[in-house]
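Enquirer: sequence and predicted structure below; questions after.
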Amino acid sequence: MDTKKFDIPADKAEALVEVVRFIGGQNWSPATGGNYSLRLDNFHCLITQSSKDKRNLQTSDLMVCNFNNQALDPTLKPSAETALHTKLYQLDSEIGCVLHTHSVPATVLSRSVSEQVRIHGFEMQKALYGNTSHTETVCVSVFDNNQDIPALAKEVERKWQQGNINQPGLLVRGHGLYAWGRDVFEARRHVEGFEFLFSCLWQERLAGGMLL
Ligand SMILES: [Zn+2]
């Protein structure tokens with residue numbers, strides 16, 4: 001066990017709490033679900049403890065984990081989903097924040113496709129890093145849900161290394177969205193952009209294509 005003590009930067013903790021409360025207020029993280037983290041260095045992240053109300057999160061509800069998914073405070077037990085956060089930090093050293101929501105649009109849409117959600121023709125696509133026009137097609141990879149999170153993380157790693165994850169987010173079927181960014185602010189923009197786009201797609205389907 002890594003016994004290094006962290007002096008957690010207050011501004012980072014407060015920025016993470018603020019974005020989590022925002023997400024909770026949107027009802028994208030109901031029933032204490034979802035988890036949220038930011039990178040502290042190349043070996044550790046700050047992450048929400050499980051079973052906390054995300055609408056009223058406090059900085060005391062955060063914990064430090066290393067990239068082996070161990071809490072620095074041995075009295076705290078990390079969420080199993082920590083393994084997917086730490087995998088993403090290890091796959092790309094530029095990722096500074098990972099936000100995992102359990103929204104209705106992400107959950108239902110992920111159950112309606114096989115391997116990816118394709119998004120085309122929306123101005124909001126430009127909220128996602130690297131996308132500059134509604135004329136491009138955004139493909140969001142969908143992974144089957146798995147209670148074995150290390151196995152799911154391995155599958156994400158495999159697709160990442162094949163170059164099949166080229167947007168700042170992915171979906172887990174019937175479960176929710178993982179979105180990331182270089183910092184909290186970019187990750188929040190990505191979550192808002194994805195959630196808007198998923199809502200649009202789902203509402204179009206509900207309308208039976210009559211809006212198209
Ligand atoms: Zn989850």
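Expert: Okay, I see it. Residues are numbered from 1 along each chain as shown.
Enquirer: can we go C-alpha only for contacts and neighbour counts from here?
Expert: Will do.
Enquirer: what helix or strand is the residue sitting nearest the centre point of the chain on?
Expert: Using CA atoms, centre = their mean, the residue of the chain that lies closest to the mean C-alpha position is residue 178, 2.5 Å off. Here residue 178, judged by DSSP states H and E, is contained in strand 176-181.
Enquirer: just the mean pLDDT for that strand, thanks.
Expert: Averaged over strand 176-181, pLDDT sits at 98.
Enquirer: hey, what's the nearest residue to the residue nearest to the centre of the chain once chain neighbours are set aside bridged with?
Expert: Setting aside the residues directly before and after it, residue 178 is nearest to residue 100 in space (CA to CA, 6 or more residues apart in numbering), at 4.4 Å. Here residue 100 shows beta-bridge partners residue 35, residue 178, assigned using DSSP bridges.
Enquirer: show me what contacts residue 100?
Expert: Contact partners of residue 100, counting by CA atoms under 8 Å, 6 or more residues apart in numbering, are 34, 35, 36, 176, 177, 178, 179.
Enquirer: that one and residue 194: what is the separation?
Expert: As judged by CA to CA, to the nearest Å, residue 100 and residue 194 stand 12 Å apart.
Enquirer: helices along the protein, start to end?
Expert: 10-25, 82-91, 104-110, 149-161, 184-206 (DSSP state H).
Enquirer: other SSEs contacting the first one?
Expert: Read it as helix 10-25. Applying 3 or more CA pairs under 8 Å, 6 or more residues apart in numbering; DSSP states H and E, one finds that helix 10-25 contacts strand 35-39, helix 184-206.
Enquirer: need the winner for burial among the ones you listed.
Expert: Mean neighbour count, computed with mean count of other CA atoms under 10 Å, is highest for strand 35-39 among the helices and strands packed on helix 10-25, reaching a mean of 27.
Enquirer: starting at the chain centroid, how far to that strand?
Expert: Between the mean C-alpha location of strand 35-39 and the chain-wide mean there is a distance of 8 Å, by CA atoms, centre = their mean, to the nearest Å.
Enquirer: quick one: average confidence on it?
Expert: The predicted model gives strand 35-39 an average pLDDT of 97.
Enquirer: and what of stretch 105-116?
Expert: The model assigns stretch 105-116 a mean pLDDT of 94.
Enquirer: equivalent analysis for stretch 92-100, please.
Expert: Model confidence over stretch 92-100, given as mean pLDDT, is 98.
Enquirer: with stretch 120-136 instead?
Expert: Within the predicted structure, the mean pLDDT of stretch 120-136 is 96.
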